[in-house]
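Asks: coords please:
(chains A and B)
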2 protein chains.
Amino acid sequence: MIDPWFIAPLSALVSIVVGLYFYRYVNSQDSGTERMKEISSAITEGAYAFLKREYRTLTMFVGVVSVLIFVFLPFPPIWDSGANLVEHLAIALAYLFGSFCSALAGYLGLSVATKANAKAANAARNGLNKAFPIGFRGGAVMGFAVVGLGLLGVSIVYLLTGDPHIILGFSFGASALALFAKAGGGIYTKTADISADLVGKVELGIPEDDPRNPAVIADNVGDNVGDVAGMGADLFDSYVASIVAVLILGQLLNLLPGSTGVFLQMPLVFAGLGILAAVLGALTVRVGKKGDPGNALNMGTYVTCTIFAVMTAVATYFLNYEWRIWGAAIVGLIAGVIIGMTSDYFTSDDKAPVLKTAQASTTGTATNIITGFSYGLHSVFPPLIGIGVASTVAYFLCAPLGTDYALYGIGMAALGMLSIVGLIISNDAYGPIVDNSRGIAEQAGLGEDVIRITDELDSAGNTAKAITKGFAIGAAGLTVIALLAAFKQTAEEAGGVITFDLMNPLVLMGAFVGIAMPAAFSAMVMLGVGRNAERMIAEIRRQFKEIPGLREGKEGVKPDYAKCVDIATVGALKELMPASILTIGVTLIVGFIGGIQALGGYLAGSIFSGLLFALLMANAGGLWDNAKKLIESGVHGGKGSEAHKAAVVGDTVGDPFKDTAGPSLNTMITVMSLIASLFAALIVEYNLLNMLNL
Amino acid sequence: MIDPWFIAPLSALVSIVVGLYFYRYVNSQDSGTERMKEISSAITEGAYAFLKREYRTLTMFVGVVSVLIFVFLPFPPIWDSGANLVEHLAIALAYLFGSFCSALAGYLGLSVATKANAKAANAARNGLNKAFPIGFRGGAVMGFAVVGLGLLGVSIVYLLTGDPHIILGFSFGASALALFAKAGGGIYTKTADISADLVGKVELGIPEDDPRNPAVIADNVGDNVGDVAGMGADLFDSYVASIVAVLILGQLLNLLPGSTGVFLQMPLVFAGLGILAAVLGALTVRVGKKGDPGNALNMGTYVTCTIFAVMTAVATYFLNYEWRIWGAAIVGLIAGVIIGMTSDYFTSDDKAPVLKTAQASTTGTATNIITGFSYGLHSVFPPLIGIGVASTVAYFLCAPLGTDYALYGIGMAALGMLSIVGLIISNDAYGPIVDNSRGIAEQAGLGEDVIRITDELDSAGNTAKAITKGFAIGAAGLTVIALLAAFKQTAEEAGGVITFDLMNPLVLMGAFVGIAMPAAFSAMVMLGVGRNAERMIAEIRRQFKEIPGLREGKEGVKPDYAKCVDIATVGALKELMPASILTIGVTLIVGFIGGIQALGGYLAGSIFSGLLFALLMANAGGLWDNAKKLIESGVHGGKGSEAHKAAVVGDTVGDPFKDTAGPSLNTMITVMSLIASLFAALIVEYNLLNMLNL
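Replies: Numbering: from 1, shown residues only, chains lettered A, B, ... in the order given. Okay, the predicted model is just below:
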């Protein structure tokens, strides 16, 4: 029989191979007419321009941070005589490797997504069932690149060093990239979207996706960088972080007397089997000529979950793992699916929240906003309870094995939830691809029938996206809880037993700072979108004014698409910087002033408020969007009615909620948790309160 | 020398006497023309109609709850042979007494406020300096009734029973009333406001406060029931709760070996001195002919703070109290003032948040909303840090005396902050009185000059309100932290040492439910406003349609004001019920299922998210309001411009934020904390996890 240690790297390789197979499949499809190829290549160019600039800034950022890591981490600092230079180097290299793997996955996913859009639009001329697999497999490239490179990277670092704490460096590298890709991409995409709409639709009254609009390519690029590359990097980050957390917690278990010593192997085996399950699930996803693409995507998820449960049960049986721990992983998986479904309820256009918000639009903009926001507030209840229940059940399932096992169980629940993430990303990345297909079909004038088919594909993408967003937040929630446990354990290894007692004022003080952080971060990126949009709007107006014939649509006159892409990109990175510095800076300040307990409270506080705002913003944004679409379908007066105008404002308010601030919060709290764990040993030794003997 | 135990009840009596003196002062002023008297008496009638119905519903609610308290509390239940019937009766009676005292304070404050408005408007004909004291002293009746009756009630219960746990019952009675007055009043006031505006201003284009509008009296009543009675009940609640928390924590200290045994006396003495300081401060508040009323209000606050600090220092010296504990009280006081000031920054019309939000209105409604919301998110940072720092400093100041002293120190910080609350309420209640004066001046046609003066008075009220709202939230924050400590101690008295360790999944699970609660509560009351407004709008439209000559303003034709007041009142109470049941029900469910630790996590979670949303909503609402007013003053195109329309929507969104949901959250978390403490002993014994041996 195969050595179980090889399951993870081999599965990761399988994932990469399947990803490449899908890549070739998509690439071999026809891109359609000249006009379509032209648009597609403009989007591709724009996306590359964004990536290039982002990666350039990132390289500098990552370079600086890796030097700092080398000098200071793990402990003691490099100038101390006890420092182990190899370890310092290993962690810095792991950090570089982590950001490289995540960047590579993002690059692969984005490059195929920007090609798949035109190909899917072209295939839509021959029917839904021809177009769907191009969209899905285009998205699956991202999905399998993420899990493949993520697990391969973790396996390599682990096989080389055998030390989970070094993998923390890898994970932090992935997180740093995710912060840029997700929050930076989020600012970028909304800048382009708002600016294109405001000048195009509102000021000049030209339709969406009109090729005369200088921002149209930037807008199309935005869907890809925000939703494909950003979401991929976000889940890469959570995926790797959940594995690291379990490895750190498992390391302790392996040392306990009577331990079977498999607690480092088990998470890697489960992660590997998760990849195989996702591959099998993805291969079953198909749709008939009259089929429902939304159903096909959901079926793929259920198939994957079932295969994963069976395969891990078989592994648990043959490898003599603890059944209770298997149970914890399955609890996490089920919780993930349930949380996804509740997001679906709050954003579906046939359920009360969207229906009532659409109806509220008839009495004005303010009632639309208040109603949507209120349902957004309601929507946090089920997933928060879901995360709470999942972690409690996982804990108590494993508690009979011992307290440390119970925390490990929470980690395995997070890992179980994230095990099928390959398929989740595939479903999610499908959305922006077919959304772009619709845009291309419109810009290239492919006719009403094709647009109707792409609309249907797009609508399935929107539903899938609501579910995957809920899933991503739930997964991040369990992961950061596991990371909090890992942080505690890392600190305990350095400085003795710790409790994060809420009646300890340091914990409480930390928690108060922590709960304020996601609010401040959200505010900064949302205000950043506003400032960035101002710059871009000025540029769009300039082009319409200065390029003769552009507004009239004269043959051969083209706007300067690249300039708009550039402005949005540079601005997004600029606006992101203060928020990133805040995230990293305050975490270190709290730690080095208040010590481990303040930092623990701070992490808990930021988890609480981060999840709260992430759910609120994602769901409120989604339901405003769908309320608008519902009205556009003809309800309450349809397009152009007063209700529609109100709903458009609601949707515009929701855009930075759901596409910029909300989804960045996952990444933000993961970054904080990883920094805390990385600096734990250093903070135990050097902190102000300690020095003042308080 | 006087026995220190008499300071509290005597000061309370002084407060009541001063309140009555102000009452007579206001009453002796002239109410102006017949038309003014007519309007004023309509408002008074409307307010009484609201109170009558509210108190009727409350009586039933309080009756049922007091029976339940008698049967179940404290511990064991009444059917148990060990039950002490006297204790059961005492706690039920204390509960009734608490709600009665708070209701009486609300009645007194409201009855003078609804008279003071016309009198102040009339006095404004003779100048600002004549009108100002009527407004201020009218508000001060509420202020001194609240602190007088609150402290007198606590003193009476304590002197009769000697048991702080019985005072918990008194405090819970006040909280139950506050929930009705604040949240019910909040739903009422926004129902009336939105409905009056929507039909009057938007549909028919008649001015605000136009007497033809059937909802105009309901709207004027709303300012009084929401802002005067509601705010009074809210601060009554916090005030009493902070004293109770300190008494419970002090009881333990008195039992410690080496204790000076003054730890129950000290909070009562400080509270009494706080009242005297507020009385002296209030008597110094006056304004010259050309004076600035805003300055006068603020000076009163600073004078009161100084007097309080000096008087308590003198008491500490002569009565041999611990200086460190005095320090904790002063830290709380300073924190309260600072938190108030930061609210002022975020809502002042000459600071960046309001200026930028006003500017964002020029690019549309959505940017106004996003910008205002983002600054609202930013605004939570300083006060949360303020609360965190205050509690940490108070803790470490008192920690050298012993751990239990440190928690007592946090309680004293809350008490210090709330000691000057008599003056804070006076400043706050001043706002709606002069706001109504402006309305009356307009409705009675007193001319531009008088309206200008009432505008000036009103503007000072708005600034004062921003500060007092921040103060109220800060005070509630420190109070609920102290209550959390009191809850822990009550539970420990019943069942041994407890820690609320964040790595305990029960604590974590509780926290996840807790953070979701304020979100759900806010959503319910805001959606309640929407439903209630629908009913009221239908009634206003009916009156305009069915009453001949109303719309044209024919001589002698009057709308049916009372009907509108009635609809808003009945609807508000109806909409409030589910939210109240949720608050009480979930708290008990979490406790009886998860036990003390789940409940502790739950309280902490609801404190975190409650403060977050309370601050966000209060400040975002305030800044939208002031951005609108700034534009109305002529900036960015002034009234009627596109920017103004956008700002009006922002203001309308902000209304239920700042006047309904936001300010109710204080009360909600206090109610939860008190229920938890009251049921602590019962929950220690009977909870599901305990029974399942988990």
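
Asks: ok, how many other residues are close to A:Gly574?
Replies: No Gly there; residue A:574 is Lys. 16 (other Cβ atoms under 10 Å in any protein chain shown). C-beta here means a position set from N, CA and C on the backbone, and glycine is covered the same way.

Asks: how far away is it from B:Val65?
Replies: The gap separating A:Lys574 from B:Val65 is 57 Å, by Cβ to Cβ, to the nearest Å.

Asks: Quick one: name the residues of the stretch 151-300 of chain A near chain B.
Replies: By Cβ under 8 Å from any Cβ of the partner chain, the residues of the stretch 151-300 of chain A that approach chain B are A:Leu198, A:Val202.

Asks: Nearest to chain B: which residue in the stretch 151-300 of chain A?
Replies: In the stretch 151-300 of chain A, the residue that lies nearest chain B is A:Leu198 (7.2 Å; Cβ to the nearest Cβ).

Asks: how about the helices in the stretch 51-200 of chain A?
Replies: A:85-123, A:128-161, A:164-178, A:185-196 (DSSP state H, counting those that start in this stretch).

Asks: what about the residue of the stretch 551-694 of chain A found nearest chain B, how many neighbours?
Replies: Nearest to chain B, among the residues of the stretch 551-694 of chain A, is A:Thr652, at 3.6 Å (Cβ to the nearest Cβ). Neighbour count for A:Thr652, taken as other Cβ under 10 Å: 24.

Asks: for the one 4 residues further on, same thing?
Replies: The tally of other residues near A:Pro656 (other Cβ under 10 Å) stands at 31.

Asks: Can you name the helix or strand that it falls in?
Replies: helix A:642-656 (DSSP states H and E).

Asks: Next to chain B, which bits of the stretch 401-550 of chain A? Give me the list.
Replies: A:406-407, A:410, A:481, A:484-485, A:488, A:499-503, A:505-513, A:515-516, A:519-520, A:522-524, A:526-527, A:529-530, A:534.

Asks: So which of those sit within helices?
Replies: Among these, the ones falling in helices (DSSP state H) are A:406-407, A:410, A:481, A:484-485, A:488, A:505-513, A:515-516, A:519-520, A:522-524, A:526-527, A:529-530, A:534.

Asks: immediately after the helix holding A:Pro656, which helix or strand?
Replies: Using DSSP H and E, the helix or strand that follows helix A:642-656 in sequence is helix A:662-685.

Asks: Extract the C-alpha set from that next one and format it as PDB.
Replies: Taking C-alpha atoms only, helix A:662-685 is exported to PDB below (Å, rounded to 0.1, in the frame of the first residue of the first chain):
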ATOM      1  CA  GLY A 662     -16.800  42.500   3.000                       C
ATOM      2  CA  PRO A 663     -14.700  39.900   1.300                       C
ATOM      3  CA  SER A 664     -11.400  41.600   2.400                       C
ATOM      4  CA  LEU A 665     -12.200  41.100   6.000                       C
ATOM      5  CA  ASN A 666     -11.600  37.300   5.900                       C
ATOM      6  CA  THR A 667      -8.100  38.000   4.700                       C
ATOM      7  CA  MET A 668      -7.600  40.800   7.200                       C
ATOM      8  CA  ILE A 669      -8.300  38.600  10.200                       C
ATOM      9  CA  THR A 670      -6.300  35.700   8.800                       C
ATOM     10  CA  VAL A 671      -3.300  38.100   8.400                       C
ATOM     11  CA  MET A 672      -3.700  39.300  11.900                       C
ATOM     12  CA  SER A 673      -3.800  35.800  13.300                       C
ATOM     13  CA  LEU A 674      -0.800  34.700  11.400                       C
ATOM     14  CA  ILE A 675       1.300  37.700  12.500                       C
ATOM     15  CA  ALA A 676       0.300  37.000  16.000                       C
ATOM     16  CA  SER A 677       1.500  33.400  15.800                       C
ATOM     17  CA  LEU A 678       4.700  34.300  14.100                       C
ATOM     18  CA  PHE A 679       5.600  36.900  16.600                       C
ATOM     19  CA  ALA A 680       4.300  35.000  19.600                       C
ATOM     20  CA  ALA A 681       7.600  33.900  21.000                       C
ATOM     21  CA  LEU A 682       9.100  37.400  20.500                       C
ATOM     22  CA  ILE A 683       6.100  39.000  22.200                       C
ATOM     23  CA  VAL A 684       6.200  36.700  25.200                       C
ATOM     24  CA  GLU A 685       9.700  37.900  25.800                       C
END
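
Asks: Can you give me the buried ones in it?
Replies: A:662-684 (16 or more other Cβ atoms under 10 Å in any protein chain shown).

Asks: Select the longest helix from chain A.
Replies: As assigned by DSSP H, the longest helix anywhere in chain A is helix A:561-632.

Asks: Could I get the average pLDDT for that one?
Replies: For helix A:561-632, mean pLDDT rounds to 91.

Asks: Tell me how far it lies from the chain's centre.
Replies: The chain centroid and the centroid of helix A:561-632 are separated by 12 Å under Cα atoms, centre = their mean, to the nearest Å.

Asks: Also stretch A:624-643?
Replies: That offset, for stretch A:624-643, works out to 29 Å (Cα atoms, centre = their mean).

Asks: do stretch A:373-384 as well
Replies: For stretch A:373-384 - counting by Cα atoms, centre = their mean - the centre lies 20 Å from the chain centre.
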